[in-house]
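Undergrad: here is a sequence with its predicted model. Questions after.
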2 protein chains.
Amino acid sequence: METLEAIGKRVSLKNRISPTREVEQEKIIKILDAARLAPSAKNTQPWRFIVLRNKQLIKTLVSEAFSEGNHVMSEAPVIIIACAKPGDDIIRDGKEYYLYDVGMAVENMLLAATDLGLVTHPATGVNEDELKRILDIPDEVRFVVATPVAYPSKDSYEEAAQERLTERTRKGLQEVVYMNSWGKPF
Amino acid sequence: METLEAIGKRVSLKNRISPTREVEQEKIIKILDAARLAPSAKNTQPWRFIVLRNKQLIKTLVSEAFSEGNHVMSEAPVIIIACAKPGDDIIRDGKEYYLYDVGMAVENMLLAATDLGLVTHPATGVNEDELKRILDIPDEVRFVVATPVAYPSKDSYEEAAQERLTERTRKGLQEVVYMNSWGKPF
């Protein structure tokens, strides 16, 4: 898929996951490779990913650490958790750049999944202590986001995404872009 | 350009900028549109972008607010500044998700630029107070990153990027991906 098309078609679809169709390991590797190639502040590459493929582990994790609205995730054949140690990245005037860098890597991951016909749905609302306990994540590492990776319940990504894409709301360019100075119309 | 190709070829190239070739406004709009379509925690869309096209303003900004190593940026025909108000996004257990969300939007921007044959080079090392003063950015808004957007000094993006891509270092998959639990080999 063309880059701008993938950027336009990427949409969060946790309710449209096929619980039965397996996701090939080759595709998971491509997705993680895309994440790994993201830029990062001073090339610190703070991101670490945990891939969950064990159905029982996924059920336990989602039921014990995820917020109520995310329980549908327990049907996902694969979940990828993104986390990082803040001290592995730069901290500038209080801004912890590990979050920014993980964001860039995760966006690569979501676009790669879209390109491969897979659906994702990043979620940040978890009980971090529970999640870290279950996955044996060290205290100093912070959870950032989790996403299911799955085939869509419909025949194709496009078919599954269509409805959500028409519902999607985004601020217009004029609301988020200024010219030469804050607040000046673009 | 195919999505996975753009992800693989995106590289930071501030020393290979054409200072004379103008960047079409249509391409800048495509890049900003890509940014705007990124996902964000609870769809907060906290990102704001300031586009600089005024040569004198760019020179002043780079010389007064950028660190020494980034002065080559003053030759860029366009600079895009990404910033956000932390309170516009969620803050969860001390994690300020505006940084994560801006990271996703900026990665879309960098990939769109790559797709359009343009070079970028995100930089975080600025004197934030000076930058905010010059661009009239409110106190409560945080600067996240600035990138030049330019045509490459060589004939094509590929030609300009080739050398940097061979130098680029990234941790291997095994160093950043675990299976089912922290530290377990993927």
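TA: Perfect, thanks for sending it.

Undergrad: where does chain A get nearest to chain B, residue-wise?
TA: Closest approach of chain A to chain B (Cβ to the nearest Cβ) occurs at residue A:103, with a separation of 2.3 Å. Yep, even glycine has a C-beta here, placed from its N, CA and C like the rest.

Undergrad: show me where chain A has helices.
TA: Secondary structure of chain A (DSSP state H): helices located at A:3-9, A:25-36, A:55-65, A:97-115, A:128-135, A:157-167, A:173-176.

Undergrad: does chain B have contacts with the fifth one?
TA: Right, the one you point to is helix A:128-135. Yes - Helix A:128-135 comes into contact with chain B (Cβ under 8 Å from any Cβ of the partner chain), by way of A:128, A:135.

Undergrad: please compute how far that helix lies from its chain's middle.
TA: On the basis of Cα atoms, centre = their mean, to the nearest Å, helix A:128-135 sits 18 Å off its chain's mean C-alpha point.

Undergrad: buried residues in that helix?
TA: Residues of helix A:128-135 classed as buried: A:128, A:131-132, A:134-135 (neighbour count, 16 or more other Cβ atoms under 10 Å in any protein chain shown).

Undergrad: tell me the angle the helix or strand of chain A with the lowest mean pLDDT makes with helix A:97-115.
TA: The helix or strand of chain A with the poorest confidence is helix A:157-167; it has a mean of 89 (mean pLDDT, DSSP states H and E). Here the directions of helix A:157-167 and helix A:97-115 differ by 120 degrees (axes from the mean of the first three to the mean of the last three Cα atoms, to 10 degrees).

Undergrad: for helix A:157-167, buried residues please.
TA: For helix A:157-167, by 16+ other Cβ under 10 Å, it's A:157, A:160-161.

Undergrad: of the residues you listed, which fall within the contact range of chain B?
TA: By Cβ under 8 Å from any Cβ, no member of the buried residues of helix A:157-167 lies near chain B.

Undergrad: in TSV: these, plus distance to residue A:82.
TA: Converted to TSV, the buried residues of helix A:157-167 look like this (distance: Cβ to Cβ, whole Å):
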residue	distance to residue A:82
A:157	22
A:160	23
A:161	22
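
Undergrad: would you mind checking which of those residues is nearest to residue B:184?
TA: Among the buried residues of helix A:157-167, residue A:157 lies closest to residue B:184 (Cβ to Cβ), at 30.4 Å.

Undergrad: pretty sure residue A:74 is touching residue A:58, no?
TA: Yes - assessed by Cβ atoms under 8 Å, residue A:74 is found in contact with residue A:58 at 6.0 Å.

Undergrad: contacting residues for the most centrally placed residue in chain A?
TA: Central residue of chain A (Cα atoms, centre = their mean): residue A:122, 4.0 Å from the mean position. Counting by Cβ atoms under 8 Å, 6 or more residues apart in numbering or on different chains, residue A:122 touches A:12, A:106, A:110, A:145-147, B:39.

Undergrad: out of those, grab the one that's most surrounded.
TA: Among the contacts of residue A:122, the one with the most neighbours (other Cβ atoms under 10 Å in any protein chain shown) is residue A:110, at 30 neighbours.

Undergrad: check contacts around that one.
TA: Residues near residue A:110 by Cβ under 8 Å, 6+ apart: A:10, A:120, A:122, A:147, B:39, B:104.

Undergrad: repeat the analysis, applying 6 Å as the threshold.
TA: When contacts are counted by Cβ atoms under 6 Å, 6 or more residues apart in numbering or on different chains, residue A:110 touches A:10, A:120.

Undergrad: quick check, pLDDT for it.
TA: The score at residue A:110 is 98. That number is its pLDDT.

Undergrad: same deal with residue A:72?
TA: Residue A:72 is assigned a pLDDT of 84 by the prediction.

Undergrad: contacting residues for it?
TA: Here residue A:72 is in contact with A:14-15 (Cβ under 6 Å, 6+ apart).

Undergrad: the longest strand in chain A is where?
TA: Looking across chain A with DSSP state E, the single longest strand is strand A:142-150.

Undergrad: and that one, how far from the chain's centre?
TA: Centre-to-centre, strand A:142-150 and its host chain are 5 Å apart (Cα atoms, centre = their mean).

Undergrad: just stretch A:92-109 next, same as before
TA: Offset of stretch A:92-109 from its chain centre (Cα atoms, centre = their mean): 12 Å.

Undergrad: what sits against residue A:178?
TA: By Cβ under 6 Å, 6+ apart, the neighbours of residue A:178 are A:184, A:186, B:50.

Undergrad: let me redo that: residue A:37
TA: residue B:7.

Undergrad: apply 7 Å and report the result again.
TA: The contact partners of residue A:37, taken as Cβ atoms under 7 Å, 6 or more residues apart in numbering or on different chains, are A:108, B:7-8, B:170.

Undergrad: can you check residue A:120 too?
TA: Counting by Cβ under 7 Å, 6+ apart, residue A:120 touches A:12, A:110, A:113, A:147-149.

Undergrad: and residue A:115, by the same measure?
TA: A:1, A:6, B:3-4.

Undergrad: which residue, other than its chain neighbours, is closest to it?
TA: Leaving aside its sequence neighbours, residue A:115 sits nearest to residue B:3 (Cβ to Cβ, 6 or more residues apart in numbering or on different chains; 4.0 Å).

Undergrad: now residue A:102
TA: Looking at residue A:102 with Cβ to Cβ, 6+ apart, the closest residue is residue A:144, at 4.6 Å.

Undergrad: pLDDT score assigned to the one you found?
TA: Among the per-residue scores, residue A:144 holds a pLDDT of 98.

Undergrad: cool, and the one 4 residues further on?
TA: Looking at residue A:148, its pLDDT is 96.

Undergrad: got the contact list for the nearest residue to it once chain neighbours are set aside?
TA: Leaving aside its chain neighbours, residue A:148 sits nearest to residue A:76 (3.3 Å; criterion: Cβ to Cβ, 6+ apart). Listed by Cβ under 7 Å, 6+ apart, the contact partners of residue A:76 are A:17, A:58, A:148-150.
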